[in-house]
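Visitor: what follows is a predicted structure for the sequence shown.
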Amino acid sequence: MTAPSVPGLNIDEELQKKILFTLLCIFIYRVGAHITAPTVDVNALVLYIQNSAASGLFQLYDALGGGLSRATILALGIMPYISASIVFQLAAGVVPTVSKMQKDEDGRKQITQWTRYLTVVIALSQAYTFALFVEGIPGAIANPGFASRMLMVAILTTGAIFVMWLGERITEGGVGNGMSLLITVSILESFLRGSVGLVGFVTSRVITFPGAVFFVLTLIAMVAAVTGMTLAARRIPIQIPRKVMGRGRIREGQKSFIPIRLITAGVMPIIFAQTVIIVPSTIASFTRSPIMTEVSNFLALGSAPYNILFGLLIILFSYFYTSIIFNAVDLSENLKKQGAFIPGIKPGAATADYIDGVLGRITLPGSVFLAAVAIMPIIVANWLGMPQFQFGGTSILIVVGVLLDTISQIEQHRTLRKYDGFMKSGRVKFRGRQSKFGM
């Protein structure tokens, strides 16, 4: 029995199964993100966090999916796995052994396994810290003590492991990158809540209707700009010379290019910058230090010092993360092994220096754009006198990037299926001709 076709869409049965499997996994994840962990009074927790200096930390976790401010069973979400992945990405840039392992299949499998182990360790530490935090809130825990603390740690750690497993299943048997899709769906859900909140701001006259329209148009313009910048790339031309392959076979010379994206680092510089800039408020919330409280007030969300420091951190981390994930030396060596070269540039070190120079020039406008995307919604919201909207620049970058990647993977799948069908059809015709001539 074949799966029913989708009207108006040219989707084969295999792709339909992948899409349905992906939707099922996403549904399970979102259900779990709304189930509160036992023994927790959500109202007391949410009220305390809203008035806490560490609200920025919880907003970051909530935006990336688990519902930490509501203490759900999947409260940690995908953050432990992201943290573990970042550790090994950074290690690859400074540890030669890890860098070498990333270049072969067995090494990548080993790094994936290490990432899982580190995810468990990070989840345990974060769960224990959160359990201590909740115990310190009056009325948040029905029966505070060692037993309830360990129960919280076990539930949150298990939830983080389950989210990691669910994301890997989507990547293997579904459509797109599982981890990224889980984050994207969480962001889109927060966008729906933010849209309802925006309507409430208008009806309660917190902001005017024209102001709300202007804010929505600003977000739409940002989505269009992010889409264009995500796809934008600087093409470095390369020449592949003519080569004799043996037995009289000759590979003709070819012209190609190396695409270097303007936003090579993606959304990671913004996440790094957010993580750093909320450190003072987080420390102030947990330690109640007067000095850190003053620093936290000075770097209040939306203030001029916050926006300036946030933008500078994004630019700094853009250069840092790009240097980690993009290795011009390896790229030049690969070109040299293939006999390819950049016209007018000598192979080897000169090619690496040229690519580094191009990368440095395009990273600056890309990083400035990232900073503008991250700060613009905050500035517009403050100018209109509205509370912080739940769909900011970071969310736009993640959603646009993930959706473009998912659409690309779907198109690749459809193209491969058409090619396979063409080849099968060709083989049938060829066999028919063989039987016709009695061969």
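Guide: Right, received. Where do you want to start? Residues are numbered from 1 along each chain as shown.
Visitor: I'd like to know the average pLDDT value across the helix or strand containing residue 28.
Guide: Element membership for residue 28, per DSSP states H and E: helix 13-32. Helix 13-32 carries an average pLDDT of 88.
Visitor: and whichever strand or helix holds residue 109, what does it pack against?
Guide: Here residue 109, judged by DSSP H and E, is contained in helix 105-135. Helices and strands touching helix 105-135, by 3 or more C-beta pairs under 8 Å, 6 or more residues apart in numbering; DSSP states H and E, are helix 79-94, helix 96-101, helix 146-173. (Each C-beta comes from the backbone N, C-alpha and C, glycine too.)
Visitor: relative to helix 79-94, how tilted is it?
Guide: Going by axes from the mean of the first three to the mean of the last three C-alpha atoms, to 10 degrees, helix 105-135 is angled at 130 degrees with respect to helix 79-94.
Visitor: about what we covered before: quick one: the helix holding residue 28 to helix 146-173, angle?
Guide: Going by the same axes, to 10 degrees, helix 13-32 makes 170 degrees with helix 146-173.
Visitor: which element follows helix 13-32 toward the C-terminus?
Guide: helix 42-50.
Visitor: quick revisit: which parts of the helix holding residue 109 are buried?
Guide: 111, 114-115, 118-120, 122-124, 126-128, 130-131, 133-134 (16 or more other C-beta atoms under 10 Å).
Visitor: what mean pLDDT does that helix get?
Guide: 89.
Visitor: next one: stretch 148-164
Guide: 91.
Visitor: tell me the buried residues in it?
Guide: 148-149, 152-153, 155-157, 159-161, 163-164.
Visitor: just list whatever residues bridge to residue 238.
Guide: residue 256 (DSSP bridges).
Visitor: count of residues packed around it?
Guide: 18 (other C-beta atoms under 10 Å).
Visitor: my guess is it contacts residue 331, does it?
Guide: No. The pair residue 238 / residue 331 is not scored as a contact, 10.3 Å apart, by C-beta atoms under 8 Å.
Visitor: list the residues that contact both of these two?
Guide: Common contacts of residue 238 and residue 331, defined by C-beta atoms under 8 Å, 6 or more residues apart in numbering, comprise residue 258.
Visitor: before we move on, the earlier item: pick the one among the buried residues of stretch 148-164 closest to residue 394.
Guide: residue 163 (19.4 Å; C-beta to C-beta).
Visitor: and the gap between the closest one and residue 67?
Guide: Per C-beta to C-beta, to the nearest Å, residue 163 is found 11 Å from residue 67.
Visitor: can you check residue 268 too?
Guide: The value you get for residue 268 to residue 67, if C-beta to C-beta is used, is 23 Å.
Visitor: just residue 183 next, same as before
Guide: Residue 183 is 13 Å from residue 67, by C-beta to C-beta.
Visitor: returning to that earlier point: which positions within the helix holding residue 28 qualify as buried?
Guide: 15-16, 18-19, 21-22, 25-26, 29-30, 32.
Visitor: do the same with stretch 42-49
Guide: Per 16+ other C-beta under 10 Å, stretch 42-49 contains these buried residues: 45, 48-49.
Visitor: and what of stretch 192-210?
Guide: Quick answer for stretch 192-210 (16+ other C-beta under 10 Å): 194, 197-198, 201-202, 206-207.
Visitor: which one of those sits closest to residue 301?
Guide: Closest to residue 301 out of these is residue 194 (15.5 Å), distances taken as C-beta to C-beta.
Visitor: host element of the closest one?
Guide: Assigned by DSSP H and E, residue 194 falls in helix 178-203.
Visitor: which one of the buried residues of stretch 148-164 is nearest residue 104?
Guide: Distances from residue 104 to these, taken by C-beta to C-beta, are shortest for residue 164, at 23.6 Å.
Visitor: let me see the domain layout of this protein.
Guide: 10-175, 204-410 (automatic domain parsing).
Visitor: I'd like the ones you listed as TSV, with distance to residue 416 appended.
Guide: Listed next are the domains of the chain as TSV, based on distance: least, C-beta to C-beta, whole Å:
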stretch	distance to residue 416
domain 10-175	10
domain 204-410	11
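Visitor: closest one to residue 188 among the ones you listed?
Guide: Using C-beta to C-beta, the nearest of the domains of the chain to residue 188 is domain 204-410, at 6.7 Å.
Visitor: what's the span of the closest one, first residue to last?
Guide: Length of domain 204-410, first residue to last, C-alpha to C-alpha, to the nearest Å: 43 Å.
Visitor: try stretch 70-80
Guide: 18 Å.
Visitor: one more: stretch 137-151?
Guide: Span of stretch 137-151 from end to end, C-alpha to C-alpha: 17 Å.
Visitor: next one: that stretch to chain centre, how far?
Guide: What separates the centre of stretch 137-151 from the centre of its chain is 33 Å, taken as C-alpha atoms, centre = their mean, to the nearest Å.
Visitor: touching that stretch from outside, list them.
Guide: 38-41, 44-45, 48, 128, 131-132, 134-135.
Visitor: for these, which one is nearest residue 86?
Guide: When these are compared against residue 86 (criterion: C-beta to C-beta), the nearest one is residue 128, at 20.7 Å.
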